[in-house]
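> okay, sequence plus prediction incoming.
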Amino acid sequence: MLKERKNIKAYKQYKYIVFEFEDGKTVKYDLSTGETIGKLGKPVKSLNAQLKGYNVYSVIDIFEDENYKKLMRFILKYFVNNKRSNSRRGVEVNRVTNIGTFLSKIDNYSHFEQFFAAGYHDIDPDLSYKLSDIPKQLLKLCKQYDLHIDNNLIRSYNQNSDDKEDDSTHNRIKGSYLFLALMSVKCESLNTQDRLEIFTANLHYDYSYYRFYDLITTYNYNVTSLIKYMDNLITFEAIRKTDICRELYDYARMMSEISPKFDKYPKNFLTTHRIANRNYQRLREYFEESKFTRCIDLSMEWKYDKFKFIYPKTVQDIKDEAVQQNNCVASYIERVIKGECHIMFLRSTNDVDHSLVTVEVVNNTVVQAKGKFNKDITAEESAVINKYNKYLINRFKQTTLANMVEMEAITC
């Protein structure tokens, strides 16, 4: 524990590391020569004698510049203590705690300083590029998506980023697609080689890339979320790597035609995709809006406590319900038009736009009530539907009685 932390501060000044004490005295360490200028302004043999009681860890902590502090920890971790090579060989690491020994090694890794000074901290210790060697567009992506910078990343970018200036949007998506897949998502289920096979093979001409590009630009998918979702589908739904972009594009294309409110990242993609395909085929048939409008019966709408039963006002409302609930209610549109049933939406009065339960009514009785993915409804929802059934029965009796009175009046 550093007891005198408040009495000393450290910072880099040109080629020197400067230690400034509360009494105004300073100690300077020359990184290029290893020479130490002591408190009296003269060269001294040992830095440790000038910083008695301090070790490398406590000294790093008192640096003012957070980026330089991170650089020193990076060098200590990967180079001075040889964590990379020794951990692979199972060799016990002899950790350096002597500040003089540590500082004598820093200048050997000064090429990393520019990266840390610019705010790039996730650097591979085997990186062989200087900051000036990396294209600005790639650096922008690294900053934006917090990418891990290594040799493979830079080589892949240079091989697959021709014509950047001609189409900035194209290359932004292309760059994000490749680099997020390789580094930033850090999906445990895909190693680097798997990502390379999926996302970099013949990338410039690859059909999968253009489908990915369309998902971002046409259907407004988020790049980061899409990559994570793709990895999840490959891992948990066993979709083939070579098919993933095509499957997602096909899903987005169909669902957007049914309704723009579709779920871009459904939990059960394969099931949702099958339902989407079935709905899409059925909805290719044109339904006349006027015919549907004539079937609307607003007297069937009913409110109870915090729930409300809503009658769809347009064909599109039922399509939207099918998309929100991931069910096949869209296939019932024709039956509604023919007078065979009514479709009602059970919603919360506080959020009438968000679907809870899709309800089918035949002969004034609820015959189906399903939640999302056709799941069973809750006990609370079931109780409300039972009360709604009673409402429908009373409504039917009142309507019947009114019709009988009207017929008697006409007869008389």
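Alright, I've got the coordinates.
> mind showing which ranges of the chain have poor pLDDT?
Residues of the chain meeting the criterion pLDDT under 70: 1-6, 82-97, 144-146, 156-157, 159-210, 224, 283-288, 400-412.
> so who does Ala322 touch?
Contacts for Ala322 (C-beta atoms under 8 Å, 6 or more residues apart in numbering) come out as Ile258, Ser259, Ile275, Asn279, Cys328, Val329, Ala330. C-beta: built from backbone N, CA, C; applies to glycine.
> spatially central residue for the chain, please.
With distances taken as C-alpha atoms, centre = their mean, the residue of the chain nearest its centroid is Ser225 (2.9 Å).
> so Glu20 makes contact with Lys28?
No: judged on C-beta atoms under 8 Å, Glu20 makes no contact with Lys28 at a distance of 9.7 Å.
> rewinding a little: could you give the number of residues near the closest residue to the residue nearest to the centre of the chain other than its chain neighbours?
Nearest residue to Ser225, sequence neighbours excluded (C-beta to C-beta, 6 or more residues apart in numbering): Tyr265, at 6.6 Å. Per other C-beta atoms under 10 Å, the neighbour tally for Tyr265 reads 16.
> equivalent analysis for His273, please.
Neighbour number of His273 under other C-beta under 10 Å is 20.
> which SS state does it fall under?
helix (DSSP: H, G, I helix; E, B strand; the rest coil).
> can you give me the strands in the stretch 201-350 of the chain?
Along the stretch 201-350 of the chain, counting by DSSP state E, counting those that start in this stretch, strands occupy 302-304, 307-310, 342-348.
> save the ones you listed as CSV, and put in distance to Lys69 and mean neighbour count too.
Below are the strands of the stretch 201-350 of the chain laid out as CSV (distance: least, C-beta to C-beta, whole Å; neighbours: other C-beta atoms under 10 Å):
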stretch, distance to Lys69, mean neighbour count
strand 302-304, 62, 14
strand 307-310, 57, 20
strand 342-348, 51, 21
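> among the ones you listed, which is nearest Arg253?
Closest of these to Arg253 is strand 342-348, at 25.6 Å (criterion: C-beta to C-beta).
> ok, and the most crowded of the contacts of Ala322?
Val329 leads those on contacts (other C-beta under 10 Å) with 26 neighbours.
> test my guess that it contacts Glu321.
Yes: using C-beta under 8 Å, Val329 is in contact with Glu321, at 5.5 Å.
> overlap in contacts of these two?
Shared contacts of Val329 and Glu321 (C-beta under 8 Å, 6+ apart): Ile343, Thr358.
> pairing partners for the longest strand seen in the chain, with directions?
Criterion DSSP state E: the longest strand present in the chain is strand 351-362. Using DSSP bridges, the strands paired with strand 351-362 in its sheet are strand 342-348 (antiparallel), strand 365-370 (antiparallel).
> who's in contact with stretch 23-36?
13, 15-21, 37-39, 43-47, 50-51, 100, 103-104, 106-107, 110.
> endpoints of that stretch, how far apart?
Stretch 23-36 has an end-to-end distance of 19 Å (C-alpha to C-alpha, to the nearest Å).
> ok, now stretch 26-44?
In stretch 26-44, first residue to last residue: 13 Å (C-alpha to C-alpha).
> got it, and stretch 321-332?
Counting by C-alpha to C-alpha, you get 12 Å between the two ends of stretch 321-332.
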